[in-house]
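Asks: Got a predicted structure plus its sequence, pasted below:
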Amino acid sequence: TKSQRTTTITAGAAGGAIILILAIIGAIKYRQHVLSLRPVDFETQFALMVSMGLIEPEQAKVKLYPREIRRRDLTLVKVIGSGAFGEVYKAQLDESERRNTPEYTVAAKTVLDAKASPEATQAMLAEAGVMAAVGSHPNLVSLIGVITRGDPMVLVLQFCAQGELLGHLKKAAAEGEPISLLDKMQMAREISQGMVHLSKEHFIHRDLACRNILLSDGMCKIADFGLSRGGGGESSAAEEDDAATHEDYYKSSAGVFPVRWTAPEAMETLRFTPASDVWSFGIVVIELLTDGASPYFGMSNPDVMKLTLSGGRHAKPPLCSNKLYDTLLQCWDEDITKRPTFSFLCDAFKEMYTVSSKSADANAARVEAATNDKLKRGEAANEYSSFDAPEQGSAGGSSAVNFGREDGQVVHNPLFDAAVVNAPS
């Protein structure tokens with residue numbers, strides 16, 4: 001009948017419309033899948049970073065882009081760290097098929113859900129771009145490549161087996177074998193060397209702290225370029241949310257920042273400069289000298305802000321001489337134009353290490369001579385146990401000694417123009 005024909009036509013039209021809609025959805029999904037398998041165009045990404053103020057136009061002209069790695073060449077082994085938006089894995093990278101490179105261990109940084117956190121994805125792309133633009137240096141964690149085809153996005157980095165410097169300092173002290181002063185001076189020198197390179201490339205780290213320095217084969221390597229900028233740009237919302245989960249960061253009306261490491265001018269404006277990185281470096285040296293203790297120990301974040309903004313500075317730690325403390329006070333000068341450059345600091349800590357090493361060798365020679373003299377006279381060598389015995393395996397291949405005596409008596413160290421004693425156990 002006519003009504004039946006009408007019903008049939010209507011049903012057919014509706015079915016056809018549904019099929020058409022499903023086909024369109026399928027086509028869109030397929031196109032999205034195809035697009036997701038395309039690597040990120042980092043030339044476009046760099047242009048975006050310039051527009052956002054993350055890097056300067058001159059830095060984008062270098063055109064050092066991250067290398068795309070095949071997903072199947074990377075095997076995630078285990079989680080070694082996590083944040084608000086992603087996880088860090090110990091992984092194995094095997095590119096023997098494409099690059100004739102033997103398999104080796106890497107670190108893989110991922111975004112857990114790229115669709116749910118597009119800002120975190122953008123932050124990771126910016127991090128990869130910054131690391132590529134900065135280039136390689138022995139005292140910076142190296143970027144190996146990225147995986148931007150498909151999901152999740154992965155940042156592949158150099159694996160630093162010894163982990164964070166902060167944990168290394170704390171563990172050594174807890175085991176009763178704190179890092180020697182000689183080695184700490186070498187660490188400060190290595191960190192300053194990395195910052196010299198970063199500043200020469202016109203980048204500002206903005207979060208320099210022992211927790212963001214890794215150790216690989218005993219060498220310090222500056223990490224976490226997630227907050228690095230090419231000209232003092234502000235943090236993204238994703239970075240602020242991630243940082244806000246860490247107790248070392250303080251959230252104010254202006255934003256989130258690591259208050260105990262932040263220069264007073266940056267606290268007020270959240271605008272960072274090479275001079276504010278120098279301030280942070282001075283606090284890193286405090287961390288070294290105190291075996292990883294929290295700076296301004298015992299003070300709350302608001303109290304630290306109040307102290308710093310009113311002109312107060314971190315107290316002199318027990319094993320810090322007047323000469324070294326004067327250098328730190330220069331790093332914390334209220335006038336940013338009077339703060340030393342990282343090149344100056346690198347030279348200063350190189351000299352400190354050299355003089356410290358000579359002092360250590362002289363002290364060791366004195367112990368050996370005194371012990372031999374006692375032995376020749378038939379007296380017990382262990383009467384000289386108050387002297388520090390040389391420690392093995394220090395930086396540079398020479399033995400290191402602590403500058404002090406177990407009985408608390410003072411031993412003069414020419415490096416510091418002051419006498420120092422061992423910290424109480």
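Replies: Sure, I can see it.

Asks: How many residues are close by residue 25?
Replies: Using other CB atoms under 10 Å, residue 25 is surrounded by 10 other residues. To be clear about C-beta, it is placed using only N, CA and C from the backbone, and glycine gets the same treatment.

Asks: That one is in what secondary structure piece?
Replies: Using DSSP states H and E, residue 25 sits in helix 2-36.

Asks: What mean pLDDT does that helix get?
Replies: Taken as a whole, helix 2-36 has a mean pLDDT of 69.

Asks: With stretch 101-109 instead?
Replies: Stretch 101-109 comes out at a mean pLDDT of 94.

Asks: Look up the pLDDT of the closest residue to residue 350 other than its chain neighbours for me, please.
Replies: Distances taken as CB to CB, 6 or more residues apart in numbering place residue 189 nearest to residue 350, at 5.5 Å, with adjacent residues excluded. Looking at residue 189, its pLDDT stands at 96.

Asks: Report the secondary structure state of residue 189.
Replies: Secondary structure, DSSP: H, G, I helix; E, B strand; the rest coil: residue 189 is helix.

Asks: residue contacts, it?
Replies: Residue 189 is in contact with 346, 349, 350, 352, 353, counting by CB atoms under 8 Å, 6 or more residues apart in numbering.

Asks: how does it look with 7 Å?
Replies: Shown in contact with residue 189 (CB atoms under 7 Å, 6 or more residues apart in numbering): 346, 349, 350, 353.

Asks: quick one, phi psi at residue 257?
Replies: Per-residue torsions, residue 257: phi -150, psi 160 (degrees, to the nearest 10).

Asks: let me fix that: residue 324
Replies: Given degrees, to the nearest 10, the pair of backbone angles that residue 324 has is phi -70, psi -40.

Asks: That one and residue 130, how far apart?
Replies: To residue 130, residue 324 is 32 Å away according to CB to CB, to the nearest Å.

Asks: farthest pair in the contacts of residue 189?
Replies: Greatest spacing in the contacts of residue 189, by CB to CB: 346 and 353 (10.7 Å).

Asks: For the stretch 201-350 of the chain, which residues score under the pLDDT cut-off?
Replies: Within the stretch 201-350 of the chain, the segments meeting pLDDT under 70 span 225-255.

Asks: Show the buried residues in the contacts of residue 189.
Replies: Buried subset of those (neighbour count, 16 or more other CB atoms under 10 Å): 346, 349, 350, 353.

Asks: count of neighbours near residue 179?
Replies: Neighbours of residue 179 using other CB under 10 Å come to 23.

Asks: Is it in a helix, a strand, or coil?
Replies: coil.

Asks: Identify the residues contacting it.
Replies: 169, 172.

Asks: Surely residue 210 touches residue 292?
Replies: Yes. Residue 210 lies in contact with residue 292 (CB atoms under 7 Å); the separation is 6.3 Å.

Asks: residues shared between the contacts of the two?
Replies: 166, 169.

Asks: For the closest residue to residue 213 other than its chain neighbours, grab phi and psi.
Replies: Setting aside the residues directly before and after it, residue 213 is nearest to residue 165 in space (CB to CB, 6+ apart), at 4.2 Å. Main-chain torsions, residue 165, degrees, to the nearest 10: phi -60, psi -40.
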